[in-house]
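Asks: This is the structure alone, sequence omitted:
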């Protein structure tokens, strides 16, 4: 134990003054006398008693001295030593991906991590804490917060986001906020390799809390389904990540109603994969596969799919301008050039981009027609006048120059025109027609060029019930119908999830499953699937790197003040002293 304010020792003069007062105070003796003649002699001051005798049998003296000494003790600010981090800034990096939901013992890894964080906060009271949650976009939950209640409240509120952790991005984010002043960084995850750290980071200490024990896990690695003339065919790939044989059952359900459609038992060897095939399933828009098995990670025992509109393959007519193909590649689609025969064979499962007008009457899916092979162009001048159609909401084309146009199609709606002549049309089936050749415009010089093709693909897909397949919390632009109510997301049980005023800021739900998307009164379905990295549960030993603020050389002796513990005894002594004086009066 030590004292933080030794300079207050001068206050010891107060108890010493009281002590001297009791040493030298004059003592009177009450005496019964028989005559007033002896009054003066009997009442004269007695000699000063021996010093110690003035202290005997005097409770008031001891109470006063005890109170004063305790007050002196408190003024010296006593403390008990404790180890603390010199810098005082602790950063928690918390993995909130789906793999942290795997049960390790009696609790999930995330719950164990939160318990470790609470213990560190309790040990480092008064210090500052920052909390960063992982993801494609790391989120700063708290920054240099010193209020213990706020820190604990933030820790208790951390939940699963199911998205892949992308720990490399989180580490870069932490370096940006802690590289100057230094910090003690604790990372809570299932496994983080040492290779992600740089040797020159002397100002930061890294403590990595990995999952140290392996767990039992069988995952649905792949799930696919396709409509055929005989019904729907589905394939499920299972992966056993442990070193012993496992058995279980796979159940295929209707993704919309949850009704059981088929089931199949399986047996899988250690660290092996197996395929299960389901045929002649009903022609449904969505399916949910559930695996019944005894393992420690339940999230990857379910998989979801919405059929329709999920193809990202585009076949561009090799007679079209090369920049058309480049535009589709720029928006991340798989693009190939094809002849008439190749496009004919792929028209039911790929997006077709051509100038062959015969495809407007072939196949079951709408196409993108650029130009016409059955007609010639006529010169045109003027500015583009576009409608408020959703196709042009993201890619405005008002400043595009067009030198010539093909004749329009009868009965098709006009989305954009030049001098009253149709420039872009849409067929009743949903085909999109551009009535010019790309070489007759300066469109490729405008930013709207690739955006228009993205909007076209989204519009061609929108004819199905599928709004697409997403990963948890994925940000992706959606082409909306332009309604004032925007986009609303609901679960299949009609529970509200979120709403977005425009499709450009759409964020997919976090939890894997099938959801309903409402857009201008139109109902479509989207599926949220785990990323491949979240179907593998890793483990490894925990470790510590760096000699920064939390290194052994930088640990300093902290102070835990204990003076406040003696305030109540002082108050109690004062109360007792008052009661003694009340009952016995002042000593004579």
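Replies: Sure, I can see it. This structure is a prediction, so every number in the text was calculated from the model and none was measured.

Asks: chain center to stretch 380-388: distance?
Replies: From the chain centre to the centre of stretch 380-388 is a distance of 45 Å (Cα atoms, centre = their mean, to the nearest Å).

Asks: shaky segments in this structure?
Replies: 1-5, 19-61, 82-87, 198-202, 309-312, 462-464, 480-485, 502-504, 547-560, 579-588 (pLDDT under 70).

Asks: Which parts of it are helices?
Replies: Under the criterion DSSP state H, helices of the chain are mapped to 13-24, 39-43, 59-75, 109-123, 148-156, 167-178, 322-330, 340-346, 448-461, 567-584.

Asks: measure stretch 177-196 end to end?
Replies: Stretch 177-196 has an end-to-end distance of 18 Å (criterion: Cα to Cα, to the nearest Å).

Asks: List the buried residues in stretch 124-143.
Replies: 124, 127-135, 138, 141-142 (16 or more other Cβ atoms under 10 Å). Heads up, the C-betas are built off the backbone N, CA and C, glycines and all.

Asks: can I get these in TSV with distance to residue 106?
Replies: Formatted as TSV, those follow (distance: Cβ to Cβ, whole Å):
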residue	distance to residue 106
124	26
127	30
128	32
129	27
130	29
131	25
132	27
133	24
134	24
135	27
138	30
141	26
142	28
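
Asks: Closest one of those residues to residue 369?
Replies: Ranked by distance to residue 369 (Cβ to Cβ), the buried residues of stretch 124-143 are led by residue 135 at 41.0 Å.

Asks: Next, the contact list for residue 313, please.
Replies: Applying Cβ atoms under 8 Å, 6 or more residues apart in numbering, one finds that residue 313 lies in contact with 333-336, 346, 349-351.

Asks: what is it paired to in the beta sheet?
Replies: Taking DSSP bridges as the rule, residue 313 bridges to residue 334.

Asks: what number of residues lie near residue 342?
Replies: Using other Cβ atoms under 10 Å, residue 342 has 16 neighbouring residues.

Asks: Might you report the residue contacts of it?
Replies: By Cβ under 8 Å, 6+ apart, the contact list for residue 342 reads residue 315.

Asks: go with 10 Å
Replies: 315, 317-318, 336, 350, 352 (Cβ atoms under 10 Å, 6 or more residues apart in numbering).

Asks: Kindly report the same for residue 452.
Replies: Residues near residue 452 by Cβ under 10 Å, 6+ apart: 327, 391-392, 394-397, 400, 424, 432, 434, 443, 446.

Asks: and if you look at residue 369?
Replies: 317, 352-357, 359-360, 406, 409, 425, 427, 431-435.

Asks: and if we set it to 7 Å?
Replies: Residue 369 makes contact with 354-355, 357, 360, 431, 433-434, according to Cβ atoms under 7 Å, 6 or more residues apart in numbering.

Asks: what is it paired to in the beta sheet?
Replies: Under DSSP bridges, the beta-bridge partners of residue 369 are residue 354, residue 433.

Asks: so which of the contacts of residue 313 is the most crowded?
Replies: Going by other Cβ under 10 Å, residue 351 tops the contacts of residue 313 with 24 neighbours.

Asks: Would you mind measuring from the closest residue to that residue other than its chain neighbours to residue 443?
Replies: Once flanking residues are discounted, residue 351 sits nearest to residue 314: 4.4 Å by Cβ to Cβ, 6 or more residues apart in numbering. In this view, residue 314 and residue 443 are 18 Å apart by Cβ to Cβ, to the nearest Å.

Asks: Residue 514 too?
Replies: Between residue 514 and residue 443 the computed distance is 38 Å (Cβ to Cβ).

Asks: Hmm, residue 336 and residue 328 touching each other?
Replies: No - with contact defined as Cβ atoms under 7 Å, residue 328 and residue 336 do not form a contacting pair (9.8 Å).

Asks: List the residues that contact the spatially closest residue to residue 360 that is not a sequence neighbour.
Replies: Nearest residue to residue 360 in three dimensions, chain neighbours excluded: residue 431, at 5.6 Å (Cβ to Cβ, 6+ apart). Neighbouring residues of residue 431 by Cβ under 7 Å, 6+ apart: 360, 366-367, 369.

Asks: Out of these, which two sit at the greatest distance?
Replies: Maximum pairwise distance in the contacts of residue 431, criterion Cβ to Cβ, is 9.6 Å, between 366 and 369.

Asks: Wait, the residue nearest to residue 351 touches residue 349, no?
Replies: No - the pair residue 314 and residue 349 does not pass the contact test of Cβ under 7 Å, sitting 11.6 Å apart.
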